[in-house]
Each structure stands twice: as structure tokens, then as C-alpha cells.
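A.B. asks: Kindly return the folded structure for what I paste below:
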Amino acid sequence: MAAKIGLIVGREWSFPPAFIEEVNRRNEGVTAEYVKLGAPRMDDPPEHRVIIDRISHEVPFYRAFLKHAVLRGTTVVNNPFMWSADDKFFGATLATSLGLASPKTVVLPNKEYIPGIVHGESLRNLRFPLGWQEVVDYVGLPCILKDAHGGGWKEVYVCNTLEELLHNYDHSGLLTMIVQEFIKWDDFVRCICLGQDDIRPIKYDPKERKYHQELDFLPPTLMQRVIDDSKTLVRALGYDMNSIEWAIRDGIPYAIDFMNPAPDMDVYSLTPGHFEWVVTHMADMAIRLAKAPPTAPAPSWESFLGGRKRAPAAGARPVKGA
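C.D. replies: Numbers count the residues shown, from 1 in each chain. You can find the predicted model right below:
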């Protein structure tokens, strides 16, 4: 029986059918299809060798199923346990600990809390009032205020003054926000990262949300650093599907957003050339994983969170303190 690759998706329409068609046309003893779920049972045998997850960050039912699938021996891209643990403050600390350039970052207490949290009793570990001037002195102005768990450029604000920072924070509701140093960039790069080995650096305009076509847009040495640093990050995270944004200032790439484990794969935004690369390399990776012997992780948090690891990238900087 052919090994099966399953796809869990949301509203995207271009990548899913292109990926399924690409896998199935190769006739490599592996087939791809959409996952169909009713009410999964705890002792159901795994139906798919590999599942590509594009939407569980927005559908908790899918996340619950995918963690179950990992325990039953399915390889899930990306590891749902890592999805459950990441945030942008952790990411900034991770990048720095790996020796990579990252904007100065501060995490803020929530502006609002769920019912039942009594400020004077439940939040006794928080300092009040918050030292806003200290925050601004550390990150500088202008600065970026963003949702620590967000993506897709949602809830992201450029704040030119302390007053703007306070105004946007006061409207952040239940979100946990971070404040980051604003990197005034000379070049901006978005890398599509697949399988922890294949990196596609793309010139990107964040103001127009536009991908450009030229591939040789950086000096070779700088381009190689962006590729190597991207590999270092995805291998540390264990992500097999990710996009990483680099703001390059004075020849130094700063990792400003790199926890995007369901990256944009739409043909209209990526453009056909980049889209074809994504579909082809996603199929390569998924087929390779589907043909590998199934291995269920040991039932421990360490093995769940560890996921599928690769050796460090060649020339990668060692983790500080290691």
C-alpha cells in the first residue's frame, strides 16, 4: 500500500491542489490527499505517514489531533509541540543565544486580562507603574509594537514617540505584546525555508507586501550569510516549513520575524517563479519523509518538543555557553 501524505489547510486555494498534484504525478509510491476528520479516537491507527499542517494555529481541534498523530508515529510538518511553545520574545532570545543579530526586544505585561483576574490580587508579581521610559531608552525610537504570538503583519505598529507606543498598547486588549528596536534597513529579505536545508532568499518589500523576482540581489558573501543564518534558526526550532525575515543594516542581517511555520504560499503573492520552487521542494521533502521508516517518539515532553532535528549548519555560530 502506498504511503500517504495528508494536508490540513484553511482558505488557501493555490498551494494545496498544486502540491497534491505534484506529489501524485511523480508515481513514487507515495500519494497526497486532504486529511478528513470526524471525531478521532485515541486508539485509531495512523492513516498518514506525513501530515502538512497549514492551519492548526487557528483551529485548536486540529492541533489536538496533530499532537495525537505525532504520538502514533505520524511525521507532522511542523512539529505541533513546538508550535505550542513558541513566541516572538522567545524567538529574539533564541536568535541572540545562537549568535545571530536580532533587534533589542522587550515583552510587556498584558493591558487586559480574562475575567477572574483581580489586578490587586492575581497580579502581585507585576511592578506598577511600568517603567515606560526605561523601555524606550532600551529599544530606542522609533520602535515596533507587535503581538508576541501574532503573524501576517496583524497587530504591528510603528511607534515614533512614547505617546504613540502608549496609545497602541492601551488598545492591545488581551494580547501579550513585545516592543522591538526599529531596524532602518538597506535591504529586506524574506527566506522561504523547507526541510531545514532548502532556503529561498527573496527580495521583499514589506511596505507593499511584494515579492520581487531577481535572485542575485545581494553580494555573494552576504547572501550566503543570510542562507547560513536561516539554516541555523530553522534547525534550532526544528521547523521544516518556515519563512524568515531579515532586515539588513550596514551589511548585517537582523532576524526580525522568523517564527512563521505556516508561511505564505499563495501563487499571487509569491509570484509564479517562487511558487513553483515552493511546490517542488515541498513535494521533495514530504515524499522523502513519507518514505522514511515510521518512528513514534518516546512519551516524554523532551522527545515531543525535540521533533525532527538536523545537524547544525556548516559554519553556524555555537550557542553561547555551550
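A.B. asks: count of residues packed around Ala292?
C.D. replies: Other residues near Ala292 come to 13 when the count uses other C-beta atoms under 10 Å. Using the backbone N, CA and C atoms, a C-beta is placed for each residue, glycine as well.
A.B. asks: do the same with Leu222
C.D. replies: Neighbourhood size, Leu222 [other C-beta under 10 Å]: 18.
A.B. asks: Looks like it contacts Gly251 (just checking).
C.D. replies: Yes: using C-beta atoms under 8 Å, Leu222 is in contact with Gly251, at 6.3 Å.
A.B. asks: Verify the stated contact: Gln133 with Leu162.
C.D. replies: Yes: applying C-beta under 8 Å as the test, Gln133 and Leu162 come out as touching, 7.2 Å apart.
A.B. asks: which of those two has more neighbours?
C.D. replies: Per other C-beta under 10 Å, whichever of Gln133 and Leu162 has more neighbours is Leu162, with 14 against 9.
A.B. asks: I'd assumed Leu130 was in contact with that one.
C.D. replies: No: in this structure Leu162 lies outside contact range of Leu130 using C-beta under 8 Å: 11.9 Å.
A.B. asks: quick one: contacts for Leu94?
C.D. replies: Residues in contact with Leu94 (C-beta atoms under 8 Å, 6 or more residues apart in numbering) are Leu233, Ala236, Leu237.
A.B. asks: For the nearest residue to Val135 once chain neighbours are set aside, name its beta-bridge partners.
C.D. replies: Setting aside the residues directly before and after it, Val135 is nearest to Val106 in space (C-beta to C-beta, 6 or more residues apart in numbering), at 5.3 Å. Taking DSSP bridges, one obtains Val179 as the residues bridged to Val106.
A.B. asks: Give me the pLDDT value at Val106.
C.D. replies: On pLDDT, Val106 comes in at 98.
A.B. asks: so how far is Pro16 from it?
C.D. replies: Val106 sits 38 Å away from Pro16 when distances are taken as C-beta to C-beta, to the nearest Å.
A.B. asks: for the longest helix seen in the chain, packing partners?
C.D. replies: Counting by DSSP state H, the longest helix found in the chain is helix 272-291. Using 3 or more C-beta pairs under 8 Å, 6 or more residues apart in numbering; DSSP states H and E, the elements in contact with helix 272-291 are strand 3-8, helix 15-25, strand 30-34, strand 50-53, strand 75-77, strand 187-194, strand 198-205.
A.B. asks: quick one: which of those is nearest Tyr138?
C.D. replies: Proximity to Tyr138 (C-beta to C-beta) singles out strand 187-194 among those, at 23.8 Å.
A.B. asks: could you say what helices and strands the closest one packs with?
C.D. replies: Contacts defined by 3+ C-beta pairs under 8 Å, 6+ apart place strand 187-194 against strand 198-205, helix 220-237, strand 241-249, helix 272-291.
A.B. asks: my read: Lys104 touches Gly140, true?
C.D. replies: Yes: between Lys104 and Gly140 there is a contact under C-beta under 8 Å: 7.5 Å.
A.B. asks: Between these two, which contacts overlap?
C.D. replies: Here Lys104 and Gly140 have Glu181 as joint contacts, going by C-beta under 8 Å, 6+ apart.
A.B. asks: who has more neighbours, the two?
C.D. replies: Lys104 (15 against 12).
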